[in-house]
Each structure stands twice: as C-alpha cells, then as structure tokens.
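[1] Return atomic coordinates for the entry below.
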Amino acid sequence: MKVRVNNREKIVPVGCTAKELVSILGIKENDPIALAIGEQVLKEEQWEATTLKDNDKITIIRATCGG
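    A predicted model of the protein is given here:
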C-alpha cells in the first residue's frame, strides 16, 4: 500500500498502523515527534489504534533543540 510521508511516497504493508509506520521509518520510541494524517494531529496514544489507508498523507515533525 502507498502512503505519502512528508510528501514522499512510501510503501507500507496493508493494515499498517501509525505506530508501525514510525518504527518502519526508524524513529525511536522516545524521539519527540508529532504525527498528522491529513489535517488531523494524532496523540501518541492513538497511534497503535490508527490504521493507515492507501494514499494517506502523513506529516511527521521532529522537535529540535536550539534556535
């Protein structure tokens, strides 16, 4: 199945959850990120229960320190 992550196409397994996607992308569990599907920002508690759909547009933003 195809999804777009930060405007880049990514192939993920059918039934992939937001939590699994984060793992597939190599993002560590404690990394400070925000994840949105379309215009909806998901709380981290929702990731495991949120199944991605074909052609979902996902935005991942990483928090960084400094200015």
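
[2] contacts, neighbours, all on C-alpha from now
    OK.

[3] now the helices for this protein?
    For the chain, the helices defined by DSSP state H cover 18-24.

[4] now the strands for it?
    2-5, 8-11, 33-37, 40-42, 57-62 (DSSP state E).

[5] Output those as JSON lines; include the columns mean neighbour count and mean pLDDT.
    Listed next are those as JSON lines, based on neighbours: other Cα atoms under 10 Å; pLDDT from 0 to 100:
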{"stretch": "strand 2-5", "mean neighbour count": "18", "mean pLDDT": "98"}
{"stretch": "strand 8-11", "mean neighbour count": "12", "mean pLDDT": "98"}
{"stretch": "strand 33-37", "mean neighbour count": "17", "mean pLDDT": "97"}
{"stretch": "strand 40-42", "mean neighbour count": "13", "mean pLDDT": "97"}
{"stretch": "strand 57-62", "mean neighbour count": "16", "mean pLDDT": "96"}
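
[6] Dump the ones you listed to a markdown table, plus distance to Leu21.
    Output for the strands of the chain, formatted as a markdown table (distance: least, Cα to Cα, whole Å):
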| stretch | distance to Leu21 |
| --- | --- |
| strand 2-5 | 10 |
| strand 8-11 | 10 |
| strand 33-37 | 10 |
| strand 40-42 | 13 |
| strand 57-62 | 10 |
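
[7] Please consider this matter closed, and thank you.
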